[in-house]
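Colleague: Dropping the sequence and predicted coords here.
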Amino acid sequence: MRITLTVNGEERRLDVEPRRTLADALREDCGLTGTHLGCEHGACGACTVQVDGTAVRGCLLFAVQCDGSTVRTVEGLAAADGTPHPLQTAFSHEHALQCGFCSPGFLMLTAAALDEDPAVADDPDRLRELLASNLCRCTGYAAIRRAVRRAAGSGGTEPPAG
Amino acid sequence: MPDPGREGTTAAGRQDAATTRVEDPPLLSGHGRFVADLRVPDCADAAFVRSPVAHGLLRSVDLTAARRVDGVLGAWSAADLDDVPLVPPMMRPEPGHGRAWPALATDRVRYAGEAVAVVVADDRYLAEDGRDAARVSIDALPAVLDPADSAGDEVRLHPGASNVAMETTVGEPVDPRVWDRAAVVVRARYRHPPLCHTSMEARAILVRPEPAGALTVWCSHQAPHRLRNDIAEVFGLPPGDVRVVVPDVGGAFGGKSETWPEYLAVVLAARRLGRPVRWVEDRHEALTAGPRGRAQTQDVRLAADATGRFLAMELRTDAAVGGYPHTGWFLPEVTARMAAGAYATPHVHVRARALLTTTPPLCPYRGAGRPEAAYAVECTVDLLARWLGMDPAELRRRNFVPPDRFPYDTPTGFRYDSGDYAAALDLALETAGHGHWRAEQARRREHGGPPLGIGICAYVERSGAGGEFGAVEAHADGTFTATSGCCSTGQGHATSFARVVARELGVDRHRVRVVEGDTALVPRGVGSFASRSMQNGGEALLQSARSLAGEARERAAALAGVPAGDVTLDGGTLRAGGRTFTFADLARREPLRAEAQVEPPQAFPFGAYVAVVEVDPELGSVRVLRLVAVDDYGTVIDPLIVRGQTYGSIAQGLGQALCEESVHDEDGVPRSVSLLDYLLPTVAEMPEVAQAETCSPDPNTALGAKGAGEAGCIGVPPAVVNAVADALQIDPPALAMPLTPETCWEAAR
């Protein structure tokens, strides 16, 4: 099927099988391999991308479902002039990644959340709820939590233990 | 209540807080390069046809329909091959004798998920279409899941060879009179469930045939030189004709050190097709057919006198090593040697066995034999404390190997290098606010409230093994290359190794580029496992840098006409008789390079963990209120990285304690098939964690670093289980990991 996606601001005309996932279309057909596949059943969130501004699992959507949509991947997270997104800077400063395989998913998840409501970083319960949707096997998550708070301007320190 | 040690607030944690890793920018911008991200022209995808049953005679594999699928380039089972490649042994060949492991099953399958055929197609979707079209006929045989059943050899997995792939004893047998005369003897049985490594990137390999039979192999791996040698040997190639390149690796945790059968099948397919072929393991495969960790069943006996002094300990441990004893056999041996724990117990005797079971192969998983030992020792110490009515911390203090007895030779044959175990425990208790929690526990027991418990684990572990290669070269442009035989799988070697070299030479770390993970660029190496990278690889780089500096002094002295002893090195500048030289100045005259091969003895990091938990007796849920980790890794090179490693291993330890288990049904068919059944901790499961360190440098190296990175997996499970037992006022062996709500609810009744 012929579809059109606007990926990171660039129009992509693709001819894909109906069964092709969005994640595979991005990785294999668009060459955007920053979106990683960690489970292919929607549990780990490594493949999280934004479709029309909403964070979604790239492995749970077929590419054809996204025909006409705007897709943003980790390759499109930095500003056009190359300035890193505050989350990218904060992840590095807070040591919120080790192997880095899950990081693109966490970045796209949290970038969408902060776009929608930066106050999510100040509410420990909401932040936990948000981050619990993705899996990381290396860091133990605390650094990721700090990074999101730092990127939101809340400082890298932890909220009071609750 | 006290609030010491909030995350990252100690001096060590803050010192480098502004430091970032050189690895980060590409990984955070989508420009990391994991195997599946490589774009190799004309690359085909492989999928495996796998056995649906745990044990059986393989009658036929019909690939006719698979080969007819559009886009399928080739499909092979063992029946299509004159010579089925065998998985080469690892470390010792004996356990594999009579227990050969073919890359594709020949006449028998020994675990559900074992590969029986490989299908290669233009892309992954088509390869899986081909896989699904394959027809496999297997006559089922009885599954063997319980190690006790296995040992009886009633159902042999490998006809002609016992299911007991390895049996060893360490220490002298305990004189029966010791048990008879002891004031108290406690016995316990423990079961360690099989765990899945679950690196977020599962296994992956891409093989490209090169002219004249050579191969380039990209693999997500921990030991590239071993993989190169294995592939060369299996396919009859000179090692120099096989280049193994390890790109970015998405975590490994022990599951990527090996030469797995799938890798050999991919090499075979690529050679047959004359075309690049890759296999990117999916999560379902990783959880059902991939390697496992732990899986030991243990019986422990501990004797003490009336004052709590340990008199003797005996451990019998059986590891369910799966259908092939490949690397699994050596894990119970590690457990056996670590069975003395942190204590000066005069008599320790262990019998350890590796028993074949119709399950996926056992292999090292973060901790690799040490968590099993620490659990057996530390839960039994708490059991003894209950019997004696003694404070578990005090009981430990009475029995620790004291600081003045190092180096300490354990009855199990290890030599502990250094340490102050009581200091680590005291710091952990203080950091946890132990007194406060004991008072709160007493208050709740008197006045009501959710049961609260405090659990301790005082661990000692082993790190580093074997030799390692390092080299440092100064370049004319002022940069340096540090070459290591280790291989980062996410630990940040490009940052921390550069730091070792930069500090020694007095130059900016950003001028040091680390090269590793490519057998064409690194002449030899062992790899990254057993917490060996900094201890062994870092030492090799330090020695290389020292040699380089020594050579630079000699050359500067010769140029300046002064004795070498008069040359100073400060801030990367050599001063000799009024002249100054940089390393670049000298490198411009002639190549300036030094290398080292080191083999320091293994080291014994240690520490103490404290968990405070609350149990909801009606729901059985465990809430970890506080977790304290005090670790002693000797000299820490990069506190940020080391703390991050510890934190991550704490999360994995919590997963083991509370939720992770690879479940098989009674026929040996996996029931944990997705990340919705095999539960990893999310951020919601993570408690407040406080980290602190003591420092006992490795006396056997110049660097002083001991292994770091596995401690959380060792310290957390006993601490949490002891805490839950303390909350419920039951014996720790009454609880079996994982501590699911059902387990705790039953125990609380």
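Modeller: Right, received. Where do you want to start? Residues are numbered from 1 along each chain as shown, chains lettered A, B, ... in the order given.

Colleague: Using the three-state scheme, assign the spatially most central residue of chain B.
Modeller: Compute the mean C-alpha point of chain B, and by C-alpha atoms, centre = their mean the closest residue is residue B:366, 2.7 Å away. Assigned by DSSP: H, G, I helix; E, B strand; the rest coil, the conformation of residue B:366 is coil.

Colleague: Same question for residue A:6.
Modeller: Secondary structure of residue A:6, reduced to three states by three-state DSSP: strand.

Colleague: which residues of chain A score low on pLDDT?
Modeller: Across chain A, the stretches falling below the confidence threshold (pLDDT under 70) are A:155-162.

Colleague: Which single residue in it comes nearest to chain B?
Modeller: When distances are taken as C-beta to the nearest C-beta, chain A approaches chain B most closely through residue A:34, which lies 2.0 Å from it. From N, CA and C alone the C-beta is placed, and that goes for glycine too.

Colleague: pretty sure that residue contacts residue B:31?
Modeller: Yes: with contact defined as C-beta atoms under 8 Å, residue A:34 reaches residue B:31; the gap is 6.8 Å.

Colleague: coming back round to it: the residue nearest to the centre of chain B: what's it in contact with?
Modeller: With contact taken as C-beta atoms under 8 Å, 6 or more residues apart in numbering or on different chains, residue B:366 is in contact with B:197, B:253-254, B:293, B:649, B:652, B:709-710, B:713.

Colleague: Next: residue B:46.
Modeller: For residue B:46, the set of contacting residues under the criterion of C-beta under 8 Å, 6+ apart consists of B:118-120, B:127, B:265-266, B:269, B:277-279.

Colleague: Helix or strand for it, just tell me which one.
Modeller: Secondary structure assignment for residue B:46, by DSSP states H and E: strand B:44-50.

Colleague: Sheet-wise, list the partners of that strand with their directions.
Modeller: strand B:115-121 (antiparallel), strand B:277-280 (parallel) (DSSP bridges).

Colleague: I'd like those strands laid out as CSV, including mean neighbour count and mean pLDDT.
Modeller: As requested, these are arranged in CSV below (neighbours: other C-beta atoms under 10 Å in any protein chain shown; pLDDT from 0 to 100):
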stretch, mean neighbour count, mean pLDDT
strand B:115-121, 26, 98
strand B:277-280, 26, 98
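
Colleague: For residue A:128, find the nearest of those strands.
Modeller: Distance to residue A:128, taken as C-beta to C-beta, is lowest for strand B:277-280 among these, at 31.7 Å.

Colleague: which strands and helices sit next to the first helix or strand past that closest one going along the chain?
Modeller: Heading C-terminal from strand B:277-280, the first helix or strand you meet, by DSSP H and E, is helix B:283-288. Here helix B:283-288 touches strand B:44-50, going by 3 or more C-beta pairs under 8 Å, 6 or more residues apart in numbering or on different chains; DSSP states H and E.

Colleague: now the residue nearest the centre of chain A, what's its secondary structure?
Modeller: With distances taken as C-alpha atoms, centre = their mean, the residue of chain A nearest its centroid is residue A:108 (1.9 Å). The three-state label given to residue A:108 by three-state DSSP is helix.

Colleague: OK, contacts around the residue lying closest to it once chain neighbours are set aside?
Modeller: Counting by C-beta to C-beta, 6 or more residues apart in numbering or on different chains, residue A:48 is the residue found nearest to residue A:108 once chain neighbours are left out, at 4.7 Å. The neighbourhood of residue A:48, defined by C-beta under 8 Å, 6+ apart, consists of A:55-58, A:104-106, A:108-109, A:134.

Colleague: rewinding a little: would you turn the contacts of residue B:366 into TSV with neighbour count?
Modeller: What follows is these, written out as TSV (neighbours: other C-beta atoms under 10 Å in any protein chain shown):
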residue	neighbour count
B:197	23
B:253	29
B:254	23
B:293	31
B:649	28
B:652	29
B:709	28
B:710	29
B:713	30
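
Colleague: Out of those residues, which one has the weakest pLDDT?
Modeller: Across the contacts of residue B:366, no position has a lower pLDDT than residue B:709, which has 91.

Colleague: Against residue B:641, how distant is that residue?
Modeller: With the distance defined as C-beta to C-beta, to the nearest Å, residue B:709 ends up 9 Å from residue B:641.
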